[in-house]
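*Asks:* missing the sequence, but the structure's below:
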């Protein structure tokens, strides 16, 4: 087991400069930078980003060390500081006692059994997506990604907020997209402009945040008028009380959690669905098997709760798609104190990166890693721990995992029952890393009705 430091050898290593280290290479192609270095069979790869050392952890046992066994020494890294500007201290960005308290309050609302009651809402949102796709039959090619984003945003709006935001989804999604791009670019900057500095872009960002705040305040006020009987996730959170202190959430905490759910939830699900149809378009045998399963288990009706366990191949398609294109492509942590991982020295304050994209495509863990093969996830196949971790791991595993899987599975089944999504030939599609991993520059498709 070895730790490799990236050198200046251009034949095997990306370029490094005296002042910036590997920062320029990272900004140009972070996925290629990390994957190429990891494929040299290193368990830990050391980079230098400006003045800061960065360690890419590849060996699954070491990832478990960071996320589970010694998680108290690895707090959410520098990327989350930028995310806080947009999302506040929601569950995604919170740490310490605040995170533990919020997790206790939120976790029950996101358990698998609690969310299964939302399947009718998800199915209605998926039916609206099916109708929009049906209107595209015989129409010119269009970009699939915005449609998947609209669906994911619809699900979050209905399940979390209890309001129909389809009429304003373009505006709200556009606000989130612009604000998220600002945050991601800030993550990549060595020198970060203070948030109070009145640059043009900072003023624009604060204006976007005020727009989102106004939406959340309006929704909270509406819920208070309706009363405590609503079954939305917001109402559940408003009624939740800490079992230790008996306290509920303040409006500020509610705002942060709702923005986290909206911002982090819709983007990962929407991008994840887009990648699934991208891969299915080039795999007719997989498409056919998926259609056969959906026809046999569901037919023309919308999926019910009891149908979900029977859609085993659909679940394998989702897992394999998110192996190749995990929406959450990397997580960062920061070392509170110096640590030693199996003889490898991790300095205090070092940035630690754990990348599902890298581990999901590593030939050490996956035979023919670039091949789309849902059978890898068939029942009885053993998947090494932290060779596959699209939702993170340990205590900080994504709380929205079950909601994301529910909405994607329902939408996939309802679309596969009626249509085939055809990718237009001649496109060069690349994974574009941001807050989530998105197909770029677009995903131009046509819709065909199944005969």
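*Replies:* Everything's here; your move. Keep in mind that what you see is a predicted model, and the values were worked out from it rather than measured. Numbering: from 1, shown residues only.
*Asks:* hey, let's count contacts and neighbours off CA atoms from now on
*Replies:* Will do.
*Asks:* how many neighbouring residues does the closest residue in space to residue 349 that isn't next to it in sequence have?
*Replies:* Take residue 349 and drop its neighbours on the chain: the residue closest to it by C-alpha to C-alpha, 6 or more residues apart in numbering is residue 335, 4.8 Å away. Other residues near residue 335 come to 21 when the count uses other C-alpha atoms under 10 Å.
*Asks:* check residue 21 too.
*Replies:* By other C-alpha under 10 Å, neighbour count at residue 21 equals 21.
*Asks:* do the one 4 residues further on as well
*Replies:* By the other C-alpha under 10 Å criterion, the neighbourhood of residue 25 contains 18 residues.
*Asks:* quick check: phi and psi at it.
*Replies:* Here is the backbone geometry of residue 25 (degrees, to the nearest 10): phi -60, psi -40.
*Asks:* give me the pLDDT value at it.
*Replies:* Per-residue confidence (pLDDT) for residue 25: 84.
*Asks:* just checking, it touches residue 32?
*Replies:* No - the criterion here is C-alpha atoms under 8 Å, and residue 25 misses it with residue 32 at 9.0 Å.
*Asks:* separation between the residue nearest to residue 349 and residue 436?
*Replies:* Distance check for residue 335 against residue 436: by C-alpha to C-alpha, to the nearest Å, it reads 24 Å.
*Asks:* what residues are up against the residue nearest to residue 349?
*Replies:* The neighbourhood of residue 335, defined by C-alpha atoms under 8 Å, 6 or more residues apart in numbering, consists of 73-75, 346-352.
*Asks:* and if we set it to 6 Å?
*Replies:* 73-74, 348-350 (C-alpha atoms under 6 Å, 6 or more residues apart in numbering).
*Asks:* quick one: which of those is most hemmed in?
*Replies:* residue 74 (23 neighbours).
*Asks:* what's the spacing between the closest residue in space to that residue that isn't next to it in sequence and residue 139?
*Replies:* Closest residue in space to residue 74, ignoring its immediate chain neighbours: residue 335 at 4.8 Å, by C-alpha to C-alpha, 6+ apart. Distance of residue 335 to residue 139, computed by C-alpha to C-alpha: 53 Å.
*Asks:* ok, now how distant is residue 290 from residue 58?
*Replies:* Remark: distance between residue 290 and residue 58 (C-alpha to C-alpha) = 33 Å.
*Asks:* can you check residue 27 too?
*Replies:* Applying C-alpha to C-alpha, the value for residue 27 to residue 58 is 20 Å.
*Asks:* tell me which of those two has more neighbours.
*Replies:* Neighbour comparison, residue 27 and residue 58: the larger count goes to residue 58, with 27 against 13 (by other C-alpha under 10 Å).
*Asks:* correct me, but the more buried one touches residue 42?
*Replies:* No - checked against C-alpha atoms under 6 Å, the pair residue 58 and residue 42 is beyond contact range at 7.3 Å.
*Asks:* just the strands in the chain please.
*Replies:* With DSSP state E as the criterion, the chain has strands at 3-5, 44-49, 52-57, 74-76, 142-143, 331-335, 339-341, 344-346, 351-354, 419-423, 430-433, 437-440, 444-449.
*Asks:* between the ones you listed, which gets nearest to residue 252?
*Replies:* Proximity to residue 252 (C-alpha to C-alpha) singles out strand 74-76 among these, at 20.9 Å.
*Asks:* average pLDDT for the closest one?
*Replies:* 92.
*Asks:* rounded mean pLDDT for stretch 353-371, please.
*Replies:* So the average pLDDT for stretch 353-371 ends up being 96.
*Asks:* quick one: buried residues of that stretch?
*Replies:* Across stretch 353-371, burial judged by 16 or more other C-alpha atoms under 10 Å covers 353-362, 365-366, 369.
*Asks:* same check, this time on stretch 33-48
*Replies:* Under 16+ other C-alpha under 10 Å, the buried positions of stretch 33-48 are 33-35, 37-39, 41-48.
*Asks:* now render those residues as CSV, adding distance to residue 90 and pLDDT.
*Replies:* Shown next, in CSV, are those (distance: C-alpha to C-alpha, whole Å; pLDDT from 0 to 100):
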residue, distance to residue 90, pLDDT
33, 31, 93
34, 29, 94
35, 30, 95
37, 33, 92
38, 32, 94
39, 35, 91
41, 37, 67
42, 35, 77
43, 32, 92
44, 30, 94
45, 31, 93
46, 31, 91
47, 30, 91
48, 30, 84
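*Asks:* and those residues as a markdown table, adding distance to residue 125?
*Replies:* Listed next are the buried residues of stretch 33-48 as a markdown table, based on distance: C-alpha to C-alpha, whole Å:
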| residue | distance to residue 125 |
| --- | --- |
| 33 | 38 |
| 34 | 37 |
| 35 | 37 |
| 37 | 42 |
| 38 | 40 |
| 39 | 41 |
| 41 | 44 |
| 42 | 45 |
| 43 | 43 |
| 44 | 43 |
| 45 | 43 |
| 46 | 45 |
| 47 | 44 |
| 48 | 45 |
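*Asks:* closest one of those residues to residue 295?
*Replies:* If you rank the buried residues of stretch 33-48 by distance to residue 295 using C-alpha to C-alpha, residue 35 comes first, at 38.8 Å.
*Asks:* for residue 326, see how far away that closest one is.
*Replies:* Residue 35 sits at a distance of 14 Å from residue 326 (criterion: C-alpha to C-alpha).
*Asks:* can you check residue 389 too?
*Replies:* 9 Å.
*Asks:* separation between the residue nearest to residue 349 and residue 154?
*Replies:* 38 Å.
*Asks:* do residue 120 as well
*Replies:* 13 Å.
*Asks:* now swap in residue 275 and tell me
*Replies:* 19 Å.
*Asks:* what's the answer for residue 409, then?
*Replies:* In this view, residue 409 and residue 154 are 15 Å apart by C-alpha to C-alpha.
*Asks:* which one of these two has more residues nearby?
*Replies:* A side-by-side neighbour count of residue 409 and residue 154, using other C-alpha under 10 Å, places residue 154 first with 26 against 20.
*Asks:* how about that one, what does it touch?
*Replies:* Residues near residue 154 by C-alpha under 6 Å, 6+ apart: none.
*Asks:* for the one 5 residues further on, same thing?
*Replies:* By C-alpha under 6 Å, 6+ apart, residue 159 lies in contact with residue 232.
*Asks:* do that again at 7 Å, thanks
*Replies:* Residue 159 makes contact with 118, 121, 232-233 under the criterion C-alpha atoms under 7 Å, 6 or more residues apart in numbering.
*Asks:* picking that back up, okay, the strands of the chain in a markdown table with distance to residue 162 next?
*Replies:* Formatted as a markdown table, those follow (distance: least, C-alpha to C-alpha, whole Å):
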| stretch | distance to residue 162 |
| --- | --- |
| strand 3-5 | 50 |
| strand 44-49 | 43 |
| strand 52-57 | 40 |
| strand 74-76 | 31 |
| strand 142-143 | 28 |
| strand 331-335 | 31 |
| strand 339-341 | 46 |
| strand 344-346 | 46 |
| strand 351-354 | 35 |
| strand 419-423 | 29 |
| strand 430-433 | 31 |
| strand 437-440 | 27 |
| strand 444-449 | 30 |
